[in-house]
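> just the structure for this:
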Amino acid sequence: MIKKICLVVAFTANVAFATDTIVINARVITVDKSHPSAEAFAIDNGRFVAVGTNAEMLKLKTPSTKVIDLKGETVTPGFNDAHLHPQALFAEGTPHYRVWLGADRVKTIDELVAALKRQAAVTPAGARISGYGYNDEVLGRHPNRHDLDKVSTTQPIEITHGSGHITAVNSFVLNASGVTKDTKDPSGGALDRDPDGTPNGVIRESARGLLSRGAGGNRADAPSHEEELAGYLTCFGQYSAKGITSVGIAGGSPSSFRMMQELRDRGNPVRVGFMFSAGSFDELQAAGIQRGFGDDRLRITSLKNYQGNSLSGRTAWLSEAYSDRPDYFGIPPARTQEKLDEDYQKWWDAGWQVATHSNGDREIDMVLTAIEHAEAKNPRPDARWRVEHASVMNQALLDRAKKDGVILVFHSYMWEYGDILTSYGPKRLSMMHAYRTAIDMGIPVAGHSDSPISAADPLLRIQDMVTRTSSKGTVNGANQRVSVEEAIKVWTLDGAYATFEESSKGSIAPGKLADFVVLQKDPRQVSPNAIKDIVLEATYLGGEKVYTAPSKTVAMIPPPPINYGDGNYGDGDEEENESAPN
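Got it, this is the predicted structure:
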């Protein structure tokens, strides 16, 4: 092994002529199967150039080399959150703030109303008041227009469920949108109603497309472009504080891509893989833009498609009824199989990787069918189709995913939603977020937070994969638990594989981008239920420190969902579903 390392070092030295940084006395989890552990590594020009022992690395030291002594702390590759939705963050008590309504802050309907009233006090007349993250399980029900009207009936109010797939609005929004007792449920969505049939303000899935953009309130007080850029940098800074060095933005437009370009140029501390919403396909084709366009800080990775609904919002389309509602199978997707096949073939023939949001087993069956039809007409090696979330699986679907070469980008949010998910029943829970089975079958997987749907906190997500335990202690699908080492790989190298970047990042190996995190403790050596509590000391991107832990831990602000006033809904996955043909 030493001889092999020396050969790598000698080759690298001949090319780079210098080593600018050496890290020693570390417990290095490399996620490199040829050299899984080490105590030191060397960096030059933003990339790892050698990995090995302290003595071996110190031989590369020059007068200008910086030596970092970690005194036994643990190092892993930088974490890769393969699917999330960043948003500009604004301070509480300002008009642009979106009220956090998560269970840690709001436990009753009265508390929810009070929180929104506090925001109303600092919001200009006519401007929108918005909130997000409420948990109906904790509240006892979904808040409705009758509750929100207690805050205001003269300005728009909209709040989003923790799933990102259900929105509640006040009467002002319903009236401004022309939603009445006579309004029919659209394909792919539903309106909750009062006993007399009048919509009660709880709006599910594609039905949110009924909300008029004009009902979004006065936009004169909207944040300026500079304020929005600053808000985004705050969001990405919080990702970096959790050890995230790469993210996949799950759905965006040309204008949001331009925003990401500006953020890159201003020093965004996180690498961005950008998935264009499938609705941008024609514009991309006309401009000649293909997958892979960009650089190692911002790259176009795929088209983001939508075929299905929400797991935690209990709208996912299932082949068997929900365990607690024997007559309810969820909400069917708006797009038919024929239309899905047509779209997939078009995107596939144009050379795109396609990443599709899909949760219920009936939805996933449709997606795999479209993949198989596209492949049959135009075989293409190493396609790396992606199914995002892929929540309610069964063995037949897993067999097909393996045969089709599909990457399953599973959730791991039992911590937040495990108690809600019990409604799916033990049988389905045993194959939900089926990491153990998929890994054992050799199916490629990747990890993600879907933030703000669950926290963009890789250590919590890794704990979730290892324990499958909710914050209240409920264990769901213990048979799908994985080891700490497997979970770290899912959140590093496997995420890079999902975007065809496994040769450039995701492990601590010579030639790869020097993205890594420093942890106060080894996740393999603490109690599984304490992984989330490990202090993250520092995050490095390209060998440069982009985050240092403060002396006193600062809590992250959960990033808000995309708001309907900007033409998007919930977690950003629903835009295609709203406009998908029947």
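> which parts of the stretch 51-200 of the chain are strands?
In the stretch 51-200 of the chain, the strands defined using DSSP state E, counting those that start in this stretch lie at 66-69, 74-77, 79-84, 99-100, 129-134, 157-161, 166-169, 189-193, 199-205.
> residue 184 and residue 39: what is the separation?
Using CB to CB, to the nearest Å, residue 184 is found at 66 Å from residue 39. For glycine as for every other residue, the C-beta is placed from the backbone atoms N, C-alpha and C.
> and those two? Which one has more around it.
Using other CB atoms under 10 Å as the criterion, residue 184 and residue 39 rank with residue 39 on top: 20 against 8.
> so that one touches residue 26, yeah?
Yes: with contact defined as CB atoms under 8 Å, residue 39 reaches residue 26; the gap is 6.0 Å.
> double-check that residue 301 belongs to a strand.
Yes: judged by DSSP: H, G, I helix; E, B strand; the rest coil, residue 301 forms part of a strand.
> in the protein, where is pLDDT below threshold?
1-17, 213-221, 552-582 (pLDDT under 70).
> the strands of the stretch 51-200 of the chain: which one's closest to residue 548?
Closest approach to residue 548 among those (CB to CB): strand 66-69, 12.2 Å.
> and the closest one, which strands flank it?
strand 21-24 (parallel) (DSSP bridges).
> can you list the strands that the helix or strand following the strand it pairs with pairs with?
For strand 21-24, the following helix or strand on the C-terminal side (DSSP states H and E) is strand 27-29. According to DSSP bridges, strand 27-29 forms sheet pairs with strand 37-38 (antiparallel), strand 74-77 (parallel).
> in the stretch 351-500 of the chain, which spans are strands?
Counting by DSSP E, counting those that start in this stretch, the strands of the stretch 351-500 of the chain are 354-358, 386-389, 407-410, 445-447.
> could I get those strands as a markdown table with mean neighbour count?
Conversion of the strands of the stretch 351-500 of the chain to a markdown table gives the following (neighbours: other CB atoms under 10 Å):
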| stretch | mean neighbour count |
| --- | --- |
| strand 354-358 | 28 |
| strand 386-389 | 29 |
| strand 407-410 | 26 |
| strand 445-447 | 26 |
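> out of those strands, nearest to residue 424?
Closest to residue 424 of the strands of the stretch 351-500 of the chain is strand 386-389 (CB to CB; 13.6 Å).
> elements contacting that closest one?
Packed against strand 386-389 by the contact rule (3 or more CB pairs under 8 Å, 6 or more residues apart in numbering; DSSP states H and E) you find strand 354-358, helix 361-377, strand 407-410.
> how about CSV for these, with distance to residue 507 added?
Shown next, in CSV, are the helices and strands packed on strand 386-389 (distance: least, CB to CB, whole Å):
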stretch, distance to residue 507
strand 354-358, 22
helix 361-377, 28
strand 407-410, 17
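> nearest to residue 71, out of these?
Between the helices and strands packed on strand 386-389, strand 407-410 lies closest to residue 71; by CB to CB that is 35.6 Å.
> send the alpha carbons of the closest one over as CSV?
Extracted C-alpha coordinates of strand 407-410, given in CSV (Å, rounded to 0.1, in the frame of the first residue of the first chain):
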residue,chain,number,x,y,z
ILE,A,407,-30.8,5.6,-9.9
LEU,A,408,-33.2,5.7,-6.9
VAL,A,409,-32.9,9.0,-5.1
PHE,A,410,-34.6,8.0,-1.9
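> strands paired with that strand, and their directions?
strand 386-389 (parallel), strand 445-447 (parallel).
> can you list the ones you listed in TSV and add distance to residue 373?
TSV is the format used below for the strands paired with strand 407-410 (distance: least, CB to CB, whole Å):
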stretch	distance to residue 373
strand 386-389	15
strand 445-447	24
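> these: which one's closest to residue 54?
Proximity to residue 54 (CB to CB) singles out strand 445-447 among those, at 31.5 Å.
> residue 287: neighbouring residues, count only.
11.
> backbone phi and psi for it, please?
Backbone dihedrals for residue 287, given as degrees, to the nearest 10, come out at phi -90, psi 0.
> ok, now residue 518?
According to degrees, to the nearest 10, residue 518 has phi -110, psi 120.
> contacting residues around it?
Applying CB atoms under 8 Å, 6 or more residues apart in numbering to residue 518 gives the contacts 26, 70, 73-75, 536-540.
> and these, which is closest to residue 498?
residue 539 (20.8 Å).
> beta-bridge partners for the closest one, please?
Counting by DSSP bridges, the residues bridging with residue 539 are residue 517, residue 547.
> isn't it right up against residue 269?
Yes: in this structure, residue 539 is within contact of residue 269 by CB under 8 Å, at 7.5 Å.
> and the two? Which one has more around it.
Between residue 539 and residue 269, counting by other CB under 10 Å, residue 539 is the more crowded of the two (26 against 21).
> re earlier: make a markdown table out of the contacts of residue 518 and add distance to residue 334.
Supplementary listing: the contacts of residue 518 in a markdown table, determined by distance: CB to CB, whole Å:
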| residue | distance to residue 334 |
| --- | --- |
| 26 | 51 |
| 70 | 52 |
| 73 | 50 |
| 74 | 47 |
| 75 | 46 |
| 536 | 41 |
| 537 | 47 |
| 538 | 46 |
| 539 | 40 |
| 540 | 44 |
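> and which of those residues is nearest residue 148?
Taking the contacts of residue 518 together and measuring to residue 148 by CB to CB, the closest member is residue 536, at 37.9 Å.
> what's the burial count for the closest residue to the closest one other than its chain neighbours?
Nearest residue to residue 536, sequence neighbours excluded (CB to CB, 6 or more residues apart in numbering): residue 243, at 5.1 Å. Neighbour count for residue 243, taken as other CB under 10 Å: 27.
> from what I can see residue 243 touches residue 523, true?
No: the pair residue 243 / residue 523 is not scored as a contact, 11.2 Å apart, by CB under 8 Å.
> now for the two: what residues contact both?
76, 459.
> now for the nearest residue to residue 194 once chain neighbours are set aside: which residues touch it?
Spatially, and ignoring its direct neighbours in sequence, residue 194 is nearest to residue 200 (4.9 Å; CB to CB, 6+ apart). Residues near residue 200 by CB under 8 Å, 6+ apart: 144-146, 192-194.
> what sits up against stretch 374-384?
Stretch 374-384 is contacted from outside by 341, 344-345, 348-349, 353, 404-405, 407, 444, 497-498, 500, using CB under 8 Å, 6+ apart.
> now, of those residues, which are buried?
Neighbour-count burial (16 or more other CB atoms under 10 Å) applied to those gives 341, 344-345, 348, 353, 404, 407, 444, 497-498, 500.
> turn the residues you listed into a markdown table, including distance to residue 385.
Shown next, in a markdown table, are these (distance: CB to CB, whole Å):
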| residue | distance to residue 385 |
| --- | --- |
| 341 | 14 |
| 344 | 9 |
| 345 | 13 |
| 348 | 9 |
| 353 | 7 |
| 404 | 7 |
| 407 | 7 |
| 444 | 10 |
| 497 | 13 |
| 498 | 10 |
| 500 | 12 |
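> and the furthest pair within these?
341 and 497 (26.7 Å).
> coming back round to it: quick check, nearest of the contacts of residue 518 to residue 88?
Nearest member of the contacts of residue 518 to residue 88, counting by CB to CB, is residue 539, at 21.0 Å.
> what residues are up against that closest one?
Contacts of residue 539 were listed using CB under 8 Å, 6+ apart, and they are 78, 240-241, 243-245, 269, 516-518, 545-547.
> from residue 430, how far off is the residue of the chain most remote from its centre?
Within the chain, the residue lying farthest from the chain centre (CA atoms, centre = their mean) is residue 63, at 42.8 Å. Going from residue 63 to residue 430 by CB to CB gives 59 Å.
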